[in-house]
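Enquirer: I'd like to go over a predicted model; first the sequence, then the structure.
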Amino acid sequence: MAIKMVLQRALEDEYMQQISDLGVETVVAKSEEDILSAIGDADAYFGGMTPQILKEGKKLRWVQATSAGLDGYYFPELRKSDLIVTNIRGIYSDVIADHVFSMVMAFARGLHHYIRNQSQGKWKKGAPVIHLAGTTLGVVGLGGIGLAVAERGPVFGMRVLGMDPAPKGKPDFIARIYSPDELSDMVAESDFVVICVPHTAETEGLFDADMFRAMKNTGILINIGRGKVVQLHALAEALQSGQIGGAGLDVYEEEPLPQDHALWSMENVILTPHVAGISPEIDKRRKALIVENVRRFCAGEPLLNVVDNQKGYVVDATSIWKT
């Protein structure tokens, strides 16, 4: 009997053909009503989940989520279910790490000051410069993105520290890995602190006034992980008071960042509008990952990026997609 898969949206013809060639019957649903009418005898589903879809999907064995981060994806019934959920983790690692280091280099060479001067037609030297060799890079979360960020540090002569609740070994390019209860010790040693953790109950508001007090007063915070990990009010106060030296943000506690927020006008802040994961390669990688997981599902092989339904993120490094 053919495997039936419901898709919330169609992939390009090339990828739909690859799925069809695997012997999979596909149904593209354009509304939740369409999903509910087709999901009853489906084996697999690609799309967003609701309690009603879970209830009606009596034969469902596997759900492929549409994103890497699953903020808001889970609800109590899904957490309790034995449904296999996979995400899109792994396709962004190098792209987001490049974004991080564009911010690191901008702070190191004072580009955030010079770009502002350019917009005002000012020929003005004297922006602060950071000599990166010999500085310390602290990476919060050593998943695929965190490891890609950490790996770039030594290229610039940086010493690299990491924090992870369940590290999968210690790569040679990381000097030390701290546990979550040692995070304040790690940030106290770091010149650049890069947040790469998912949004969970444990990480929400993790960077608060106390954590900023633990940082160096020259320390620079970069967040490309999840916005709700950083309390923006506490961050703005830490920047205004000189408690920390600067911040580069791509994600925010509230998005879009309110127009009247103090961060907009701070000269020691770089803001980008949640674009760190954008690249011409990403869409191709996403579709290739989905097709590979369909192939594995049909063959009875372990799926990539299996999410722990209780934690809401991937915990098994052996199941992670590698680009």
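Expert: That came through fine. Numbers count the residues shown, from 1 in each chain.

Enquirer: which intervals of the chain have sub-threshold pLDDT?
Expert: Scanning the chain for pLDDT under 70 picks out 1, 317, 323.

Enquirer: tell me the domain ranges of it?
Expert: 3-90+281-319, 93-271 (automatic domain parsing).

Enquirer: can you list the ones you listed in CSV and add mean neighbour count?
Expert: C-beta here means a position set from N, CA and C on the backbone, and glycine is covered the same way. CSV is the format used below for those (neighbours: other CB atoms under 10 Å):
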stretch, mean neighbour count
domain 3-90+281-319, 17
domain 93-271, 18
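
Enquirer: In the stretch 101-250 of the chain, mark out all the strands, start to finish.
Expert: In the stretch 101-250 of the chain, the strands defined using DSSP state E, counting those that start in this stretch lie at 136-140, 159-163, 176-178, 192-195, 220-223, 246-249.

Enquirer: For the third one, which outside residues touch it?
Expert: For strand 176-178, the external contacting residues (CB atoms under 8 Å, 6 or more residues apart in numbering) are 142, 161-164, 167, 170, 185-186.

Enquirer: give me that answer again for 10 Å
Expert: Strand 176-178 is contacted from outside by 138-140, 142, 150, 159-164, 167, 169-171, 182, 184-187, 189, using CB atoms under 10 Å, 6 or more residues apart in numbering.

Enquirer: can you check stretch 128-137 too?
Expert: When contacts are defined by CB under 10 Å, 6+ apart, stretch 128-137 is touched by residues 100-101, 104-105, 107-110, 112-113, 149-150, 152-162, 174-175, 186, 189-194, 216, 218-220, 222, 245-246, 268.

Enquirer: Keep only those of the residues you listed that are in helices.
Expert: Cross-referencing these against helices under DSSP state H gives 100-101, 104-105, 107-109, 112-113, 149-150, 152, 186, 189.

Enquirer: Pick out the most distant pair among those residues.
Expert: Pairwise distances across these peak at 28.2 Å for 113 and 186 (criterion: CB to CB).

Enquirer: any idea how far the closest residue to residue 212 other than its chain neighbours is from residue 253?
Expert: Once flanking residues are discounted, residue 212 sits nearest to residue 238: 3.8 Å by CB to CB, 6 or more residues apart in numbering. For residue 238, the distance to residue 253 equals 14 Å [CB to CB, to the nearest Å].

Enquirer: pretty sure the residue nearest to residue 212 contacts residue 217?
Expert: Yes - counting by CB atoms under 10 Å, residue 238 touches residue 217, with 9.3 Å between them.

Enquirer: Common neighbours of those two, please.
Expert: Shared contacts of residue 238 and residue 217, defined by CB under 10 Å, 6+ apart, are found at 244-245.

Enquirer: So which residue is smack in the middle of the protein?
Expert: Using CA atoms, centre = their mean, the residue of the chain that lies closest to the mean C-alpha position is residue 225, 4.5 Å off.

Enquirer: which one is that residue nearest to, not counting chain neighbours?
Expert: Per CB to CB, 6+ apart, closest to residue 225 is residue 195, 4.3 Å.

Enquirer: now do residue 294
Expert: What sits nearest to residue 294 in space, not counting adjacent residues and going by CB to CB, 6+ apart, is residue 19, at 5.2 Å.

Enquirer: Now do residue 180 against residue 74, distance only.
Expert: Counting by CB to CB, the separation of residue 180 from residue 74 is 21 Å.

Enquirer: Same check on residue 227?
Expert: 18 Å.

Enquirer: same deal with residue 316?
Expert: Counting by CB to CB, the gap from residue 316 to residue 74 is 18 Å.

Enquirer: so residue 237 sits right up against residue 262, yeah?
Expert: Yes - in this structure, residue 237 is within contact of residue 262 by CB under 10 Å, at 8.8 Å.

Enquirer: Relative to residue 86, how far out is residue 97?
Expert: In terms of CB to CB, residue 97 sits 22 Å off from residue 86.
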